[in-house]
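1. here's a sequence, model it:
(2 chains)
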Amino acid sequence: MLTLTRMVFEKQLTGSILQAVRAEFGVDPDPARIVLQHTNPDFEGDVTFVVFGIVKQLKAAPEEAGRKIGEFLVANGDLVEGYSVVKGFLNLLIARQHWMAAMQKALMDPAFGTRKPEPDAHPVVIEYSSPNTNKPLHLGHIRNNLLGWSVAEILKANGQDVRKVNLVNDRGIHICKSMLAWQKTGNGETPESSGIKGDHLAGKYYVAFDRMLKEELAGLVKKGMSGEEAMKKSTLMEEAREMLRRWEAGDPGVRELWKRMNGWVYEGFDSTYKALGVDFDKIYYESDTYVEGKKIVQEGLAEKVFYRRPDGSVWIDLTADKLDEKVILRADGTSVYITQDIGTARLRYDDFSFSRMIYVVGNEQDYHFRVLKIIISRLGMGFSEWSDAIEHLSYGMVDLPSGKMKSREGTVVDADDLIEGMRSETEARTRELGKIGDFESVEAHELYRVLAMGALKYYILKVDPEKRMLYNPEESIDIHGNTGPFIQYAYARIRSVLRKADATEQVAGYASMEVSSYEGMNEKEKTLVCHLAGYPDAVREAGEKLSPAVVAHYVYEAARLYNQFYHDHTIVDPARENTSMFRLQLSVWAARVMASATHLLGMEMPERM
RNA sequence: GGUCCCGUAGCUCAACUGGAUAGAGCAGCUGCCUUCUAAGCAGCAGGUUACAGGUUCGAGUCCUGUCGGGAUCGCCA
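-> Here you go, the predicted structure:
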């Protein structure tokens, strides 16, 4: 079972098989029952038709049916040149010239594997990253950012018009805590004066607030209060709440400090985003969208979608959908998380009139998005018709070998530290190998960056998004086996071969060679051709599943197969001009597919390493 | 307790959505560099797919139950 090779001639074969069945048995099975799969390498053939699916309808034994269909396919048309039947499996051999034609066509298409944009299609909006402005980004954000960016690229490759958006949670009690601690203990410290990156500086004061609060609470508890009581009586908490009220009231002093500190944070985020290679078409700020949310709540109240409790809080009853009642607005009239999400959704619809909106958010918020979807479907006002367009791309948590990341226990892995650690570790390993001559050059340092980020991105993205994953620092910087650098290495070797071929007079014209003039095709070559021809299907499947892991597994397999081919066969052999040129063409194709696929993962490919 | 996810080799991940003998990598052991980059290739070993039933030509995949792990059920985000 070769799991990662796709069905290249599926359409033609399905048609031919239907034709064969009609001719031999006089019935028309449902095309959905024509199950094709790649032939298990232990058997001879390229594509296997699973006869079981239609055997009942044919009223024939599986083997006999397989033989008749196989015979028909060989006799009629030139696609199938041989067959064999094993139990209920009809193994078909695709004629060589069809593989060659597929390869030739791919070589002539610079965008091989991707689909052209559909004209007039409504855009797909994808939200990812969505940080809070009180702390720097951590490992969890890295998974989110890499996933969001990659899924956006995959959808683009599937012909969709994609808009990447970010929603910054820039307001609320958390940022007030940082502000307050900075006022009290900061002595005017800035990123410039301290040399600390802006987001880390804000995080430093968030932590400082937490420490001060703990001290105060401990004191109060010592005086005999309960934990809950102490939280209510805490002057620090009261000051933070007061600051939030002043912020909502538009107090100029508070607003100015808020803008200043958030400005530092954005500078810090920008540099992390740049290092990760992610970007956005539009950034939304919660401080803008929550106002829209509150407006919609009023409209929803008028339409009786929501109801008000005596204390003034606003609710929605979701028991009909087997959920419970959810608060939409606090008793004091301030908004909660979901309030602003409703507002943001409508603002985005006004902005983009999207056909889909995908939220890349961790699976701990599955419930939240179920609720959001139902609320939007219940609201009138042009809402309900697009509630189906809302999708939650829910991904699993990132664990560490020591267990879960916990901010309390200080086990949270900082994104910037992680990236820098990967880079320096990659540098050390590359130097150890001693392959590149000039370690001080700009190119060398660029290579360390490319390899480090390639390792990190591949390590994160190869795991199916919906699954919880383990981040093992040791393994993430590995360069052997199923890793990013393994793929980069395969690519760099191809580029090296091609550079030499370009300089070799005898074969320098390989690019214009008609591949069908090559008579051979050994096993390794064929396996590679087969796999490369399946690239468009991998892109399509990744788009359907919103899963970069599909692309990751595909491209790893491509690199693995190429390495086997490279190892077993000499590519440039002056004594065999035609063979050399075919193998160079095959190498060009492999390199292009690898470059294209890894681009979808946000990886860069080195010319040499 | 209610709801929802997950359980595959010692470890990290696959398995084309029901198809053939469940595949890779890491870790372990063994080979292969005077020849296009050995960051590579090949081999050995490693499995009752948590467990028990069921559905059918066929189940890691679907259904029921059990056990184990996680998330969520805030006027936090």
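2. show me the strands in chain A, by range?
-> Ranges of strands in chain A, per DSSP state E, are A:35-38, A:47-50, A:80-86, A:89-94, A:124-127, A:162-168, A:282-285, A:307-308, A:314-317, A:325-329, A:356-362, A:390-395, A:398-399, A:469-470.
3. pull out the buried residues from the fifth one.
-> With burial defined by 16 or more other CB atoms under 10 Å, the residues of strand A:124-127 counted as buried are A:124-127. All C-beta spots, glycine's among them, are computed from the backbone N, C-alpha and C.
4. how much space between the spatially closest residue to residue A:231 that is not a sequence neighbour and RNA strand B?
-> Spatial nearest neighbour of residue A:231, chain neighbours left out: residue A:237 (6.2 Å); criterion: CB to CB, 6 or more residues apart in numbering. Residue A:237 sits 12 Å away from RNA strand B, going by CB to the nearest atom of the strand, to the nearest Å.
5. which residues touch the nearest residue to residue A:71 once chain neighbours are set aside?
-> Nearest residue to residue A:71, sequence neighbours excluded (CB to CB, 6+ apart): residue A:83, at 7.5 Å. Shown in contact with residue A:83 (CB atoms under 8 Å, 6 or more residues apart in numbering): A:45, A:66, A:70-71, A:73-74, A:90-93.
6. filter these by proximity to RNA strand B?
-> Among those, the residues that sit close to RNA strand B (CB under 7 Å from any atom of the strand) are A:45, A:91.
7. one step back: separation between the residue nearest to residue A:231 and residue A:266?
-> Residue A:237 sits 27 Å away from residue A:266, taking CB to CB, to the nearest Å as the criterion.
8. just residue A:23 next, same as before
-> In terms of CB to CB, residue A:23 sits 68 Å off from residue A:266.
9. more neighbours: which of the two?
-> More neighbours surround residue A:266 than the other of residue A:23 and residue A:266, with 18 against 12 (other CB atoms under 10 Å).
10. identify the bridge partners of the residue nearest to residue A:281 when sequence neighbours are not counted.
-> In space, and not counting its chain neighbours, residue A:281 is closest to residue A:163: 4.7 Å by CB to CB, 6+ apart. Residue A:163 has the following beta-bridge partners by DSSP bridges: residue A:125.
11. correct me, but residue A:163 touches residue A:282?
-> Yes. Contact status for residue A:163 versus residue A:282: in contact at 6.7 Å, counting by CB atoms under 8 Å.
12. and stretch A:72-87, end to end?
-> This stretch, stretch A:72-87, spans 18 Å end to end (CA to CA, to the nearest Å).
13. kindly report the same for stretch A:384-402.
-> Criterion CA to CA; first-to-last residue distance in stretch A:384-402 is 45 Å.
14. and for stretch A:25-40?
-> Span of stretch A:25-40 from end to end, CA to CA: 27 Å.
15. go on, stretch A:50-65?
-> Taking CA to CA, stretch A:50-65 runs 11 Å from one end to the other.
16. which residues sit against it?
-> Identification of contacts with stretch A:50-65 by CB under 8 Å, 6+ apart yields A:21, A:25, A:27, A:29, A:33-37, A:66, A:68-69, A:85, A:87-90.
17. can you do 7 Å?
-> Residues from elsewhere that reach stretch A:50-65 (CB atoms under 7 Å, 6 or more residues apart in numbering): A:21, A:25, A:27, A:29, A:33, A:35, A:37, A:66, A:85, A:87-90.
18. now the buried members of those.
-> With burial judged by 16+ other CB under 10 Å, the buried subset of those is A:21, A:25, A:29, A:37, A:66, A:85, A:88-90.
19. now for these: which two are most distant?
-> Spatially, the most separated pair among those is A:25 and A:37, at 21.8 Å (CB to CB).
20. all helices for the stretch 101-250 of chain A, in order.
-> Taking DSSP state H, counting those that start in this stretch, the helices of the stretch 101-250 of chain A run over residues A:139-157, A:173-185, A:191-194, A:198-222, A:227-233, A:235-248.
21. chain center to the last one, what's the gap?
-> For helix A:235-248, the gap between its own C-alpha mean and the chain's C-alpha mean amounts to 39 Å (CA atoms, centre = their mean, to the nearest Å).
22. understood, closing this out.
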